[in-house]
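Could you work out the structure for the sequence below:
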Amino acid sequence: MSSISGVRVRRAITVGLATGAMIATGAVVAAPAQALTVPTVTAKGAFVMNGATGATLYTKSGDTKRLTASTTKIMTAKVVLSQPNLNLDTKVTIRREVSDYMVAEGYPSTARLIVGDKVTVRQLLYGMMLPSGCDAAMALADKFGTGTTVKARTANFIGKMNTMAKSLGMTNTHFDSFDGLSNGSNYSTPRDLTKLARSTMKSSTFRAVVKTKSYTAKTITASGSVRTMATWYNTNTLLGWNGTLGIKTGSGPEAKYCLVFAATLNGEQVMGTVLSSSSEAYRTSDVKKLINYGYARIS
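Model prediction:
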């Protein structure tokens, strides 16, 4: 039995009458295990599951629809990684439309991609999942959508995201963007996003990306030279804490602070989601409580 960051679950058989054990007909009866205290979190919605079995460990408004912010990018990655015959080393040229989109959206979170550069699909996944690059998300949606224009291709890709959501049983989810910058109808629930997390973490490529704290990409410029990009740092500051392996942060004026998380310690797998925590600090506190509680529930 493991000790998990202050959460201890002890099941002891005590044989002394002074400690309350009962001995009858030669059998020792174990004292009852101390009940776990269900944590209180500030997030408006939260859900935790056993990553190995899918069993529910905790829920707070787990099926209430809320804005997902950049946790949406998990689905963008899922759709990309589900493409048949995917070559992660395929180079994608960054189009002017990507830059125009970033300007139009008021410079949201970015991987600082440069128009004309050739960037691999693998690099774009890092650029999307670590610094939460909306530009990287758009480049991927443009690459893997179908149509004759960027607008048509990205719209087609968003359609694929919704088709994937249905196939995963995400019954309270709808996407209207590839990056979480909602156009009025981009929502999910803690339970649905945790289902998505469990499915997407089956990809070794995805697992490798989301557990990475920093990544430096070397891209090819329009003239054919090599450009070393400024290092991308993961926005998930919980990485490495108590077995935390990912997955994706999200934040926004309306969505507040969100995190889809996965952690594994001593063979115990915990996955979950918090939506609408009131601050980044509270989001971190919420997730730590839920990971500890999840481990204790599994033990």
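
got the end-to-end distance for stretch 165-183?
With CA to CA, to the nearest Å as the measure, the ends of stretch 165-183 fall 18 Å from one another.

gap between it and the chain center?
Centroid separation for stretch 165-183 versus its chain: 14 Å, with CA atoms, centre = their mean, to the nearest Å.

For it, buried residues please.
Buried residues in stretch 165-183, counted by 16 or more other CB atoms under 10 Å: 165, 168, 170, 172-182. The C-beta positions use only the backbone N, C-alpha and C, and glycine is treated the same way.

ok, K118 - how many residues close by?
Counted with other CB atoms under 10 Å, residues neighbouring K118 total 16.

any idea how far A43 is from it?
Going from K118 to A43 by CB to CB, to the nearest Å gives 40 Å.

any idea how far G159 is from A43?
Counting by CB to CB, the gap from G159 to A43 is 30 Å.

Can you pick out the residue with more neighbours from those two?
Counted by other CB under 10 Å, G159 and A43 do not tie: A43 has more neighbours, with 26 against 14.

related to what we said a few turns ago, out of the buried residues of stretch 165-183, list just those in helices.
A165 (DSSP state H).

least confident pick among the buried residues of stretch 165-183?
Lowest pLDDT of these: S182, 89.

quick one, helices of the stretch 51-200 of the chain?
Applying DSSP state H, counting those that start in this stretch to the stretch 51-200 of the chain gives helices spanning 73-81, 96-104, 121-129, 134-144, 150-167, 190-200.

Now tabulate these in a markdown table and tack on distance to N266.
Formatted as a markdown table, the helices of the stretch 51-200 of the chain follow (distance: least, CB to CB, whole Å):
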| stretch | distance to N266 |
| --- | --- |
| helix 73-81 | 26 |
| helix 96-104 | 43 |
| helix 121-129 | 26 |
| helix 134-144 | 35 |
| helix 150-167 | 32 |
| helix 190-200 | 19 |
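
Show me the one of those helices that comes nearest R283.
Nearest to R283, of all those, is helix 190-200, at 12.9 Å by CB to CB.

Dump that closest one to PDB, restricted to CA.
What follows is helix 190-200, C-alpha atoms only, in PDB (Å, rounded to 0.1, in the frame of the first residue of the first chain):
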ATOM      1  CA  PRO A 190     -15.800  17.000 -17.400                       C
ATOM      2  CA  ARG A 191     -16.900  13.400 -18.000                       C
ATOM      3  CA  ASP A 192     -16.700  13.700 -21.800                       C
ATOM      4  CA  LEU A 193     -13.300  15.300 -21.800                       C
ATOM      5  CA  THR A 194     -12.000  12.600 -19.500                       C
ATOM      6  CA  LYS A 195     -13.300  10.000 -21.900                       C
ATOM      7  CA  LEU A 196     -11.400  11.800 -24.700                       C
ATOM      8  CA  ALA A 197      -8.300  11.900 -22.500                       C
ATOM      9  CA  ARG A 198      -8.400   8.200 -21.900                       C
ATOM     10  CA  SER A 199      -8.800   7.400 -25.600                       C
ATOM     11  CA  THR A 200      -6.100   9.800 -26.700                       C
END
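
Show residues contacting that helix.
45-49, 51, 54, 59-64, 68, 71, 74-75, 77-78, 81, 165, 168-173, 188, 206, 247, 260-262, 271-275 (CB atoms under 8 Å, 6 or more residues apart in numbering).

Tell me which of those residues fall in strands.
Members of those lying in strands (criterion: DSSP state E): 45-49, 59-60, 188, 247, 260-262, 271-275.

one step back: mind checking which of the helices of the stretch 51-200 of the chain is nearest K256?
Using CB to CB, the helices of the stretch 51-200 of the chain put helix 190-200 closest to K256, at 13.3 Å.

Next, the angle from that closest one to helix 150-167.
100 degrees (axes from the mean of the first three to the mean of the last three CA atoms, to 10 degrees).

got the angle for helix 190-200 vs strand 45-50?
Orientation note: helix 190-200 sits at an angle of 40 degrees relative to strand 45-50 (the same axes, to 10 degrees).

Now find how far off-centre helix 190-200 is within its chain.
Centre-to-centre, helix 190-200 and its host chain are 8 Å apart (CA atoms, centre = their mean).

For it, buried residues please.
For helix 190-200, a neighbour-count test (16+ other CB under 10 Å) marks P190, R191, D192, L193, T194, K195, L196, A197, R198, S199, T200 as buried.
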